[in-house]
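**Q** This is a predicted model, with the sequence first.
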Amino acid sequence: MAKAIVIGSGIAGIATALRLRKKAYEVQVFESNSYPGGKLHAFTQSNFRFDVGPSLFTMPHFVDELFELYNLNPREYFNYKSKETVCNYFWEDGTTFSVKKNSEKFIEDATETFDTGGNELRNYIANAKKKYELTSGIFLEKSLHKADTYFSLETLKALLQMHKLHINKNLNELNESSFRDPRLVQLFNRYATYNGSSPYQTPGIMSMIPHLEMHYGTFFPEGGMHSITKSLYRLACDKGIEFHFNEPVDKINYTGTKAIGISTLKGSYEADVLVSNMDIYPTYHKLLKDLKKPEKTLKQERSSSALIFYWGINGNFPQLDLHNILFSSDYPEEFKMIFKEKSLSDDPTVYINITSKEDAKDAPAGSENWFVMINAPGNYGQDWEKLVAEARKHIINKINRLLGVQLEDLIISESIMDPVKIENDTSSYRGALYGAASNSKFAAFLRHPNFSNQLENLYFCGGSVHPGGGIPLCLMSAKIVTELIQAP
């Protein structure tokens, strides 16, 4: 039987392993950590359960698809429920707004809260849908670096309607030209952070993201986000995929222009196909030291990272839901600090995720588990101890102002994740959550391809390569990779 090796057991790595196994490869996965999932992991502290990383679950059909590959009912492994409330938003002027999953309900509520009309919102949402329909088949579902992606009727159709994609405007410019209410502009600017970018730099094509959230909805997986990892890992084990934990790969071996296997501290392993789910930067700098590096790609600006406080809170907050955003009063300054100054704003936008709202077992009775995150620059050697201490004060002060509490009296458990720890735990270069940032109109074309131009049989998946970061795109990368690989 032909052999395949996957380096890294992030969600893209597990999905790639499953797809290769379905193609009749004997698959081994090598992971430096003692657990699968990469950023999609969890921990428990003082009887509070926390998902470590990704907290938003949308487009669940991409997960279901992996079970359906094997003619299995996904619900026997993995369950989730749709959320009526997408997110609750809070502004310093006292405005609160709850986004509902139904777009017409969103439009109705928004016209009552903001200085806007229903037609403005309908046009914006319709244009977002159009952008997705024009580009998904080119940018998201196929290898962007293969000639047949470009020489197709689908590509020609997109090129003829290029003006509708708004790649010559940044997202903020598009939103300011679409809405007169600055709060609504800020709400739609936030979607730039879904791929770790700045709304003042990323192109207007990113306005398609609200369509995905409103069209597909948001969901809560039973057991939390970590259950996605656990269910796929269980399926992989059931299908005979072999996992090597605590066994980091030291080198990708090749002869001439052909990848032939890997080396670890425990030995060497041969394979007919190799797929790296490791961040593309350390893949080249650690595993392919002697190979010519794609310097232009590796020098791309990195996406934002995150500073996360996992707080056990003694109390209940009925005004909060699963997803909550407390907006900065100076959004341009926040992104200037992150991407230009490589530091943190004194008034950051605060995201609060509370899974105990959906699963009471995630926190003791009368308490809530708060995953509190702000966008942060990558790790460039800053004084993180000082930045974390200052950020903690600013975050608590903001929560106190907007929610009318004394939060410091309610925190009974705390753990912290900063860009340094993200980089160390996940090998994500500089702690970037999404690989390269999308802060230019050409960013999508500059992401590393899903295959090697230098070595046969070597491929790449995950958030640092095409088509990008986040759970849906990582799962798409696994599908793209395995479509490039011939069955044995």
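**A** Done, it's in. Since the model is a prediction, treat every value here as computed from it, not as a measurement.
**Q** all contacts plus neighbour counts: C-alpha atoms, from now on.
**A** Fine.
**Q** And the strands in the stretch 251-400 of the chain, which stretches?
**A** Along the stretch 251-400 of the chain, counting by DSSP state E, counting those that start in this stretch, strands occupy 258-264, 267-270, 273-276, 305-313, 323-326, 350-353, 368-376.
**Q** pull the CA atoms of the last one into PDB?
**A** Output in PDB follows, covering the C-alpha atoms of strand 368-376 (Å, rounded to 0.1, in the frame of the first residue of the first chain):
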ATOM      1  CA  GLU A 368     -19.300  31.600  33.800                       C
ATOM      2  CA  ASN A 369     -16.200  30.700  31.800                       C
ATOM      3  CA  TRP A 370     -14.900  33.800  30.000                       C
ATOM      4  CA  PHE A 371     -12.600  33.600  27.000                       C
ATOM      5  CA  VAL A 372     -11.500  37.200  26.700                       C
ATOM      6  CA  MET A 373      -9.500  38.100  23.700                       C
ATOM      7  CA  ILE A 374      -8.000  41.200  22.100                       C
ATOM      8  CA  ASN A 375      -6.200  41.400  18.700                       C
ATOM      9  CA  ALA A 376      -2.500  41.700  19.200                       C
END
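**Q** Tell me what angle it forms with strand 305-313.
**A** Here strand 368-376 points in a direction 160 degrees away from that of strand 305-313 (axes from the mean of the first three to the mean of the last three C-alpha atoms, to 10 degrees).
**Q** Who does strand 368-376 pair with, and is each partner parallel or antiparallel?
**A** Strand 368-376 has the following strand partners under DSSP bridges: strand 305-313 (antiparallel), strand 350-353 (antiparallel).
**Q** The longest one: how far from the chain's middle?
**A** Taking C-alpha atoms, centre = their mean, to the nearest Å, one finds strand 305-313 lying 17 Å from the centre of the chain it belongs to.
**Q** and it, which residues are buried?
**A** Buried positions in strand 305-313, judged by neighbour count with 16 or more other C-alpha atoms under 10 Å: 305-313.
**Q** which of those lies closest to Leu433?
**A** Ser305 (5.2 Å; C-alpha to C-alpha).
**Q** was I right about that closest one contacting Ala376?
**A** Yes. Contact criterion C-alpha atoms under 8 Å: Ser305 and Ala376 qualify, at 5.0 Å.
**Q** Now for these two: what residues contact both?
**A** Residues touching both Ser305 and Ala376 (C-alpha atoms under 8 Å, 6 or more residues apart in numbering): Pro419.
**Q** residues contacting Tyr380?
**A** Tyr380 is in contact with 342, 430, counting by C-alpha under 8 Å, 6+ apart.
**Q** Give me the pLDDT value at it.
**A** Note on Tyr380: pLDDT of 97.
**Q** State the phi and psi torsions of it.
**A** phi -120, psi 30 (degrees, to the nearest 10).
**Q** just the one 3 residues further on next, same as before
**A** Backbone torsions of Asp383, given as degrees, to the nearest 10, read phi -80, psi 90.
**Q** ok, it - how many residues close by?
**A** Asp383: 10 surrounding residues under other C-alpha atoms under 10 Å.
**Q** Show me where the stretch 1-150 of the chain has its helices.
**A** Using DSSP state H, counting those that start in this stretch, the helices found in the stretch 1-150 of the chain span residues 11-22, 61-68, 103-113, 118-135, 147-150.
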